[in-house]
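In: this one's structure only:
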């Protein structure tokens, strides 16, 4: 049998080595080409002059409320900071707890010049009113910030801590009169979640709903034993007329709220946030969705936005990519809780 010479072996090795390098180089070029093609495709999907005309942001509530303030603040800063070149026009379309505004978004399928500013009503309204459209029927863009609830008592109350309230409720769930906003509101949901952690059926609580400032008067007048409300209650707490027992934030807040303990740190798994978020109609192209997500993240880093957060006691909880999956988990939580309260209406 013939044996290859040393020179032939070296030649064959060089050929194989060069071939391997060539194929590796081809593979690298192919990967780069795919990446460039994907980038080019995304760039082609987004028109060079987008947005080329005014954008309408629908607020599904009347002017002057919390969601209205949110929407107008976002629109103003996006324009004033030159983050979005086209004018953003805010339109109020109130009705049916936000359901009319959600339905309007659904009817504008594929329209990248329409936005919706809303809060947890996108969960609560379809569940409690049985309206047709839910968070699944629109396109999530971003969550921007959250507001939290506090449990308070009047200064003369015998309840000094959250544990005092827990002990009283475990002894007799219906013995305490609890005042807050409407049934199914953040106030109602936070005390109901607290009851769940105590092993109590939330439906057995004596919950009294109030509108406007009536709840504060009821707390101060001793007409209810416990009050639930937003962080604006801190003004009354600081005046010495009320005592704050807990806040529904995941961790202790700063500033004026630094001395208010959370439910969690006191051993009760209660976190309840009333967030504000932006949605688009269904079927809006991914490139336009990404445009608005990037714009909102950029806005959230401006000094103008940070000043608004501080002025209104809003706490930044910006989410974009994780917003959609979080909505699914959140909706299931609200469904279970509202079912226990017998507030879910079949559509």
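Out: That came through fine. The shown structure was predicted, so the numbers you read here are calculated from the model rather than taken from an experiment.
In: when you work out contacts or count neighbours from here on, use the C-alpha atoms and nothing else.
Out: Will do.
In: show me where this protein has its helices.
Out: Remark: helices assigned in the chain by DSSP state H are 6-45, 66-80, 99-107, 121-129, 162-171, 186-197, 214-220, 234-238, 286-300, 303-312, 323-340.
In: tabulate those (JSON lines), appending mean pLDDT.
Out: Formatted as JSON lines, these follow (pLDDT from 0 to 100):
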{"stretch": "helix 6-45", "mean pLDDT": "46"}
{"stretch": "helix 66-80", "mean pLDDT": "97"}
{"stretch": "helix 99-107", "mean pLDDT": "98"}
{"stretch": "helix 121-129", "mean pLDDT": "95"}
{"stretch": "helix 162-171", "mean pLDDT": "98"}
{"stretch": "helix 186-197", "mean pLDDT": "95"}
{"stretch": "helix 214-220", "mean pLDDT": "93"}
{"stretch": "helix 234-238", "mean pLDDT": "95"}
{"stretch": "helix 286-300", "mean pLDDT": "98"}
{"stretch": "helix 303-312", "mean pLDDT": "96"}
{"stretch": "helix 323-340", "mean pLDDT": "95"}
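In: reformat these as TSV; add mean neighbour count and distance to residue 261.
Out: Listed next are those as TSV, based on neighbours: other Cα atoms under 10 Å; distance: least, Cα to Cα, whole Å:
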stretch	mean neighbour count	distance to residue 261
helix 6-45	12	47
helix 66-80	18	25
helix 99-107	21	35
helix 121-129	21	27
helix 162-171	15	9
helix 186-197	22	15
helix 214-220	19	20
helix 234-238	15	13
helix 286-300	18	27
helix 303-312	14	20
helix 323-340	15	24
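In: out of the ones you listed, which gets nearest to residue 136?
Out: helix 323-340 (8.5 Å; Cα to Cα).
In: from the rest of the structure, what touches that closest one?
Out: 123-124, 127-128, 135, 140-143, 184, 189, 192-193, 201-203, 344 (Cα atoms under 8 Å, 6 or more residues apart in numbering).
In: contacts for stretch 144-151, please.
Out: Counting by Cα under 8 Å, 6+ apart, 186-187, 190, 226-231, 233, 244-249, 272-278, 296, 300, 313-319 sit against stretch 144-151.
In: pull out the buried members of those.
Out: Among those, those classed as buried by neighbour count (16 or more other Cα atoms under 10 Å) are 186-187, 190, 226-231, 233, 244-249, 272-278, 296, 300, 313-316, 318-319.
In: tell me which of these fall in strands.
Out: When strands are assigned by DSSP state E, the members of these inside them are 226-230, 244-247, 273-278, 315-316, 318-319.
In: turn the helices of the chain into a markdown table, including distance to residue 266.
Out: Output for the helices of the chain, formatted as a markdown table (distance: least, Cα to Cα, whole Å):
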| stretch | distance to residue 266 |
| --- | --- |
| helix 6-45 | 49 |
| helix 66-80 | 29 |
| helix 99-107 | 37 |
| helix 121-129 | 28 |
| helix 162-171 | 8 |
| helix 186-197 | 12 |
| helix 214-220 | 23 |
| helix 234-238 | 20 |
| helix 286-300 | 31 |
| helix 303-312 | 26 |
| helix 323-340 | 22 |
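In: and those: which comes nearest residue 53?
Out: Per Cα to Cα, nearest to residue 53 of those: helix 66-80, 13.0 Å.
In: and for the closest one, what's in contact with it?
Out: Contacts of helix 66-80 (Cα under 8 Å, 6+ apart): 57, 59, 61-63, 84-90, 92, 117-119, 276, 295-296, 299, 304-305.
In: then stretch 199-215?
Out: 170, 173-183, 188, 191-193, 195-196, 227, 340-342.
In: so how far is that stretch from its chain's centroid?
Out: Here the centre of stretch 199-215 is set off from its chain's centre by 24 Å, with Cα atoms, centre = their mean, to the nearest Å.
In: one more: stretch 150-169?
Out: That offset, for stretch 150-169, works out to 29 Å (Cα atoms, centre = their mean).
In: with stretch 285-302 instead?
Out: That offset, for stretch 285-302, works out to 16 Å (Cα atoms, centre = their mean).
In: stretch 231-239 now?
Out: 24 Å.
In: quote the end-to-end distance of that stretch.
Out: 14 Å (Cα to Cα, to the nearest Å).
In: what does stretch 58-70 give?
Out: Stretch 58-70: ends 12 Å apart by Cα to Cα.
In: bridging residues for residue 58?
Out: residue 91, residue 116 (DSSP bridges).
In: quick one: residue 159 and residue 78, what's the gap?
Out: 46 Å.
In: same thing with residue 205?
Out: 44 Å.
In: swap in residue 213?
Out: For residue 213, the distance to residue 78 - Cα to Cα - is 33 Å.
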